[in-house]
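Asks: have a look at this fold, sequence not included:
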């Protein structure tokens, strides 16, 4: 390899994120053609993960780093969401079996093939939602990379959206019991603007049942829960205040 190529690969390796990815669109913008990347792969510096995606040979791929690289290099807005976001804020009752899962939310993108690769330390599970009119996120540094993360208030509602297929209602209520520090103004904004009546109603039911102080601060007049009845489970208990049928186990839980 020539000195010029060696210098360029040295610069590239220093520019990259440890255990992360390089995307061809970003590489080309920074002066690395497909032909040059192919030479680096042949020389063993880089390894291909999917079409247009490579990583430093020998790296143990991090799902956090991969999502961060995707956002930063391609100007995307994937966010760590649902229970994965709650875990980052210290609410971690929900523990999936087997390999850890990283839930990431998006708004209608085509899921790139690299997300399905089984080379990461966590299984990346993307899901689509346009439920939120006003997205509530923050940037959190995790394992040395910056991540866009749903606020705890929004993350719990994302869990509600994915229930009961991915999360059981009782598991979610155990988490709700921990959410003593939610911000009433953020909850208010989300409940006023989200489009999913099932999520609104169950969230309010759980919050009231848990007896959180911030629930008393909500202006219920401004929160539209609709008028139709919703049966969330079979053989449950009907809650007339919220017009939903909830699991008997949840209703009886004290």
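Replies: Received the coordinates, thanks. In this text the structure is predicted, and so the values were computed from the model without any measurement.
Asks: so residue 132: helix, strand or coil?
Replies: coil (DSSP: H, G, I helix; E, B strand; the rest coil).
Asks: average pLDDT for the helix or strand where residue 250 lies, rounded please.
Replies: In this structure, residue 250 sits in helix 248-252 according to DSSP states H and E. Averaging pLDDT along helix 248-252 gives 96.
Asks: for it, packing partners?
Replies: In terms of contacts (3 or more CB pairs under 8 Å, 6 or more residues apart in numbering; DSSP states H and E), helix 248-252 is packed against helix 169-178, strand 237-239. The way it works is simple: take the backbone N, C-alpha and C, and place the C-beta from them, glycine included.
Asks: can you name the next helix or strand after the helix-or-strand element of the chain with minimal mean pLDDT?
Replies: When each helix and strand of the chain is scored by mean pLDDT, DSSP states H and E, helix 3-15 comes last, with a mean of 79. Following helix 3-15 in sequence order, the next helix or strand is strand 22-23 (DSSP H and E).
Asks: name the helices or strands packed onto that following strand?
Replies: strand 53-56, helix 63-74.
Asks: pairing partners for it, with directions?
Replies: strand 53-56 (antiparallel) (DSSP bridges).
Asks: residues in contact with the strand it pairs with?
Replies: 13, 16, 18-24, 37, 40-41, 45-49, 61, 112, 114 (CB atoms under 8 Å, 6 or more residues apart in numbering).
Asks: chain center to that strand: distance?
Replies: Offset of strand 53-56 from its chain centre (CA atoms, centre = their mean, to the nearest Å): 23 Å.
Asks: pLDDT (mean, whole number) over that strand?
Replies: The average pLDDT for strand 53-56 rounds to 97.
Asks: and stretch 246-254, what's buried?
Replies: Neighbour-count burial for stretch 246-254 flags 246-247, 250 (criterion: 16 or more other CB atoms under 10 Å).
Asks: can you put those residues in JSON lines and add distance to residue 138?
Replies: Converted to JSON lines, those look like this (distance: CB to CB, whole Å):
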{"residue": "246", "distance to residue 138": "31"}
{"residue": "247", "distance to residue 138": "32"}
{"residue": "250", "distance to residue 138": "30"}
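Asks: assumed residue 44 was part of a helix.
Replies: No. Using three-state DSSP, the assignment for residue 44 is coil, not a helix.
Asks: got a pLDDT number for it?
Replies: Looking at residue 44, its pLDDT is 93.
Asks: and the one 4 residues further on, by the same measure?
Replies: With respect to pLDDT, residue 48 scores 96.
Asks: let me know whether it touches residue 41 as I believe.
Replies: Yes. Because the distance of 6.1 Å satisfies CB atoms under 8 Å, residue 48 is recorded as touching residue 41.
Asks: for residue 13, the count of nearby residues, please.
Replies: 15 (other CB atoms under 10 Å).
Asks: just residue 189 next, same as before
Replies: 18.
Asks: what sits closest to it if chain neighbours are left out?
Replies: Closest residue to residue 189 apart from its sequence neighbours, by CB to CB, 6 or more residues apart in numbering: residue 134 at 5.9 Å.
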